[in-house]
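Enquirer: Quick one, what's the 3D model for this:
(chains A and B)
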Amino acid sequence: MRTALILLLLIAAGASLGSLFPQRPINPATVSQWITRNRGWAPIAEKLGLFDVFGSWWFMGIYGLLLISLIGCILPRWRAFVRVLRARPRTEGTLSVQPQYRSGTVALTPDAALTGAERVLRSKRFRLVRADGTVAAEKGHLREGGSLLFHTAFLVLLLGMSIGKLFGFTGQVAVIEGERFTDTHIDYDSITEGRYFNEHFRGFQIVLDRFDVQWYPDGVPKTYKSSVRLFDGGKLIESPTIQVNHPLTYRGVRIYQISWGWAPVIKITQHGKVLFDGPTIFLPQQGLWHGVAKIPETTPLQTGFDMSFLPDFERDANGNVVAGSPQAIRPVLAFQQYVGDLGLTTAQSVYELDTIRMTPAESGAIGMGGVSTLPNGIEVSLTGLKKYSVFELASNPGAPILLLAAVLILVGLIPALYSSRRRIWVRAAPHNGVAHLEIAGQAMQRKAAFEEEFKTFVRDLDKDLHRIGAPDG
Amino acid sequence: MVNAELARLSDTLFWLALTVYAGAMLLFFASLAYKNARVGSVATLVAWGGALTHAASIATRGLSVQRVPWGNMFEYSNMLGFLMVMTYLLVIDRRLGLRQVGGFVLGGGVLALASARLVYAPAGPLVPALSSYWIKIHVIAAITGSNLFALSFIFTVLYLVKDRSERKAATAYAGSTVGAAYIGGTTTQEGSPSDLVAEEDAPAPEGSATGFLARFPSAATFDTLAYRTIQFAFPIWTFAVIAGAIWAHQAWGRYWGWDPKETWAFITWVIYAGYLHARATAGWRGRRAAAIATLGFLSVMFTYYAVNLWIAGLHSYAGVK
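Expert: Next up, the predicted model:
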């Protein structure tokens, strides 16, 4: 199986590229950074699929070849294995040429000696056949059987992977404390659906009552905990908590705690008229929290705010702003106002401000409950602080099959590596009124261990026959 | 939360264990160089002392933080060194009687502990992502697998050294490299794939090596030992990867996502799968097999050090600031 060896090493080399180049499906932002840094190489890397190695044509190609080689290898082996299992142990011609050989006489009839040999071999769980004055025994088919199971398990693994990919889905959603999320396509922030998922959303609802985050004194996070209520068909089903490592499972969908963030409650008015009031999701960015507010209703020009949030505002000795503890001890909202055209007629991210047709105006910073008054009667205030929790929802109907494949891989691997196939023959011929015994053995693997096993067998047989003569060879 | 006194005691015991290991290593080498078995016995005793001290260090570390003592890179390397020394003492020394390799395994242990110290993290609690019973299963399997791969690499290197000296000696003896391959009997020998005792029992070729290498088992024995160790490690590594996938399914919402750690654990697995194929079906052994085994161990090292320290991913638990 040199082919398999080459393909295995090729797939290892290919996979290593996938960890050395940034991967679009894992982190698209790092891919963009890499492209800006390496303008010259980027088109080539792009063409070779280096930004999505595990989905590239050549990786799939090696994978496919490995699969073909696997099937091409195990099909004939299964056939041969079944044939061997059905066949009876082979009797040999000349026993004295075998690697292990002993002979001697025993004061029994040949028939009785062979019956004794059968008894001992059977107690050692050998498969055996007796014909023409010879007992032929065989053991260790677990090796080939285990190896076949191990290799076949990869086809099961592939099946499980495909079923998960085709019939499952994965979606992410950020929910602010006190708000509600419904399991429908439109409510997800991002979603990947399998080809045959067919919009099979369950339609249940999750209300995030509270998100708790606790830290150890040194700032290491201790717990992330979302307290939710789950509704289905308008009825309250349960009020569980969702934590890292403790997902909630409901109707085949698993709901995971993925991350969290701050959602400052911001109120923006112009001449006393409320134009914006509510918690706003801030994303973590280089140690700060970053968010935007877009207010198209302001006059004479539209207004946008580019904002940073610091849960614990501190200044170092040089007067620079530094982030203190991760807890909301002295929260401060800093903002930069932009005026002009928000460009809302084109699709854009709710987390980014498109300032191409805007000019920077005022900037400022407010604490909790603080108000900042800007020109044209605009007021910005920080009226409260909430958190949001990011959940991942996923269904993977292939999971049980994957688990089965994993079990088969391990169950098959152990005998495939440690078991060995070996044969023992015992022949008895009449010799001056007693039986002349020939005992021979052969192992395909682990020959040294078999030498011991053979010796033990001869000893046990000797004990069984009581008076087996001293070997004369 | 953290019992500072126990944590300090653990650190002291750690330094003590590291020093004792280094002493045992030197004693093992001295016993090799001066062909003195008694020094070897003393070295073994010293190594046991080091291992007990080390066990106490690990235990107090765990007690000081009330959790398993393998939650960051320092602790992982520390455990790795401990398992290497213990495997040497219990299996390589007591069962196989190969005291000659003691210095090399203890050297590996010293390296593991010294490298652990480079990524030292003070005793502290676990982040939420690690608070799962899977840390007991997945991480221990990974450490055990790494330990066995490290030992198999020591055997591989010793094989290569011994093989070279056997070839050289045979060249001098027979005056031809063709004869070398025959007399050395390691790489081109026909017959059974790998049988430890049989090959060990085979008389060493005459004048095959001089100096302390002469006191080593044959190259073929090391070749077989490397094979056996990898055979033993492979299912454990397979289990570690599977357990990791199950944990990922529980913590991250997917069982496999080509995270750098997952990718490199897979690469390591694939290389050793290739090694087993090469030996079992293509009949590779000796230097060609050693080349794959070396590649495999480089991949183990990369999976651990490079992925933890250089490549950002979900397995950022090194605790290195």
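
Enquirer: Which parts of the chain are helices?
Expert: Let's take chain A. Along chain A, counting by DSSP state H, helices occupy A:2-20, A:28-37, A:42-47, A:57-86, A:110-123, A:142-167, A:399-418, A:447-465.

Enquirer: not quite, I wanted chain B
Expert: So, for chain B - with DSSP H - the helices run B:4-33, B:37-65, B:73-87, B:102-118, B:134, B:140-174, B:177-184, B:196-201, B:219-251, B:260-280, B:286-301, B:307-309.

Enquirer: and of these, who's closest to A:Ala117?
Expert: helix B:196-201 (25.9 Å; CB to CB). No exception for glycine: its C-beta is placed from N, CA and C like everyone else's.

Enquirer: follow-up on the earlier one: JSON lines for the helices of chain B, including distance to chain A?
Expert: Formatted as JSON lines, the entries for these read as follows, by distance: least, CB to the nearest CB, whole Å:
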{"stretch": "helix B:4-33", "distance to chain A": "13"}
{"stretch": "helix B:37-65", "distance to chain A": "11"}
{"stretch": "helix B:73-87", "distance to chain A": "15"}
{"stretch": "helix B:102-118", "distance to chain A": "20"}
{"stretch": "helix B:134", "distance to chain A": "8"}
{"stretch": "helix B:140-174", "distance to chain A": "11"}
{"stretch": "helix B:177-184", "distance to chain A": "20"}
{"stretch": "helix B:196-201", "distance to chain A": "4"}
{"stretch": "helix B:219-251", "distance to chain A": "5"}
{"stretch": "helix B:260-280", "distance to chain A": "4"}
{"stretch": "helix B:286-301", "distance to chain A": "8"}
{"stretch": "helix B:307-309", "distance to chain A": "7"}
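
Enquirer: Dump those to CSV, plus mean pLDDT and mean neighbour count.
Expert: Shown next, in CSV, are the helices of chain B (pLDDT from 0 to 100; neighbours: other CB atoms under 10 Å in any protein chain shown):
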stretch, mean pLDDT, mean neighbour count
helix B:4-33, 95, 19
helix B:37-65, 95, 19
helix B:73-87, 96, 24
helix B:102-118, 96, 22
helix B:134, 93, 17
helix B:140-174, 91, 21
helix B:177-184, 38, 18
helix B:196-201, 38, 18
helix B:219-251, 95, 22
helix B:260-280, 93, 23
helix B:286-301, 94, 20
helix B:307-309, 84, 19
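
Enquirer: A:Gly64 is nearest to which of the ones you listed?
Expert: helix B:260-280 (15.9 Å).

Enquirer: packing partners for that closest one?
Expert: Counting contacts by 3 or more CB pairs under 8 Å, 6 or more residues apart in numbering or on different chains; DSSP states H and E, helix B:260-280 is packed against helix A:2-20, helix B:140-174, helix B:219-251, helix B:286-301, helix B:307-309.

Enquirer: Redo those as TSV? Include distance to A:Tyr338.
Expert: Formatted as TSV, the helices and strands packed on helix B:260-280 follow (distance: least, CB to CB, whole Å):
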stretch	distance to A:Tyr338
helix A:2-20	40
helix B:140-174	50
helix B:219-251	40
helix B:286-301	51
helix B:307-309	41
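
Enquirer: Could you check these and tell me which one is nearest A:Met368?
Expert: Per CB to CB, nearest to A:Met368 of the helices and strands packed on helix B:260-280: helix B:219-251, 34.2 Å.

Enquirer: Hey, what's the angle from the closest one to helix A:447-465? Just curious.
Expert: Interaxial angle of helix B:219-251 relative to helix A:447-465 (axes from the mean of the first three to the mean of the last three CA atoms, to 10 degrees): 90 degrees.

Enquirer: okay, the angle between helix B:219-251 and helix A:399-418?
Expert: 170 degrees.

Enquirer: what helices or strands is helix B:219-251 leaning on?
Expert: helix A:399-418, helix B:134, helix B:140-174, helix B:196-201, helix B:260-280, helix B:286-301.

Enquirer: Just checking the distance from the third one to the centre of its chain.
Expert: Read that as helix B:140-174. 12 Å (CA atoms, centre = their mean, to the nearest Å).

Enquirer: Equivalent analysis for the second one, please.
Expert: For helix B:134, the distance between its averaged C-alpha position and the chain's averaged C-alpha position is 23 Å (CA atoms, centre = their mean).

Enquirer: now stretch A:84-96
Expert: 46 Å.

Enquirer: who wins for proximity to A:Glu392 among the helices of chain B?
Expert: helix B:219-251 (10.4 Å).

Enquirer: tilt between the closest one and helix B:260-280?
Expert: Computed by the same axes, to 10 degrees, the angle separating helix B:219-251 from helix B:260-280 equals 150 degrees.

Enquirer: For stretch A:198-218, buried residues please.
Expert: Under the neighbour-count criterion of 16 or more other CB atoms under 10 Å in any protein chain shown, stretch A:198-218 has A:Phe201, A:Phe204, A:Gln205, A:Ile206, A:Val207, A:Leu208, A:Phe211, A:Val213 buried.

Enquirer: Looking at those residues, which one is closest to chain B?
Expert: A:Val213 (9.3 Å; CB to the nearest CB).

Enquirer: Residues in a beta bridge with that closest one, which ones?
Expert: Following DSSP bridges, A:Val213 is listed with bridge partners A:Tyr224.

Enquirer: Surely it touches A:Val220?
Expert: No: at 11.7 Å, A:Val213 does not count as touching A:Val220 under the criterion of CB atoms under 8 Å.

Enquirer: How is chain A partitioned into domains?
Expert: A:2-81, A:89-140+A:420-467, A:167-261+A:391-406, A:262-384 (automatic domain parsing).

Enquirer: follow-up on the earlier one: would you mind putting the helices of chain B into CSV with distance to A:Asn320 alongside?
Expert: CSV is the format used below for those (distance: least, CB to CB, whole Å):
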stretch, distance to A:Asn320
helix B:4-33, 33
helix B:37-65, 35
helix B:73-87, 32
helix B:102-118, 32
helix B:134, 42
helix B:140-174, 42
helix B:177-184, 69
helix B:196-201, 66
helix B:219-251, 37
helix B:260-280, 34
helix B:286-301, 41
helix B:307-309, 29
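
Enquirer: Surely A:Arg143 is in contact with A:Ser419?
Expert: Yes: using CB under 8 Å, A:Arg143 is in contact with A:Ser419, at 4.0 Å.

Enquirer: quick one on the thing from earlier: tabulate the domains of chain A (TSV), appending mean pLDDT and distance to B:Leu89.
Expert: TSV is the format used below for the domains of chain A (pLDDT from 0 to 100; distance: least, CB to CB, whole Å):
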stretch	mean pLDDT	distance to B:Leu89
domain A:2-81	88	34
domain A:89-140+A:420-467	88	24
domain A:167-261+A:391-406	93	33
domain A:262-384	90	45
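
Enquirer: Tell me the pLDDT of A:Asp472.
Expert: Looking at A:Asp472, its pLDDT reads 44.

Enquirer: For the closest residue in space to B:Val42 that isn't next to it in sequence, give me its contacts.
Expert: Spatial nearest neighbour of B:Val42, excluding adjacent residues (CB to CB, 6 or more residues apart in numbering or on different chains): B:Leu27 at 5.9 Å. Shown in contact with B:Leu27 (CB atoms under 8 Å, 6 or more residues apart in numbering or on different chains): B:Val39, B:Gly40, B:Val42, B:Ala43, B:Val46.
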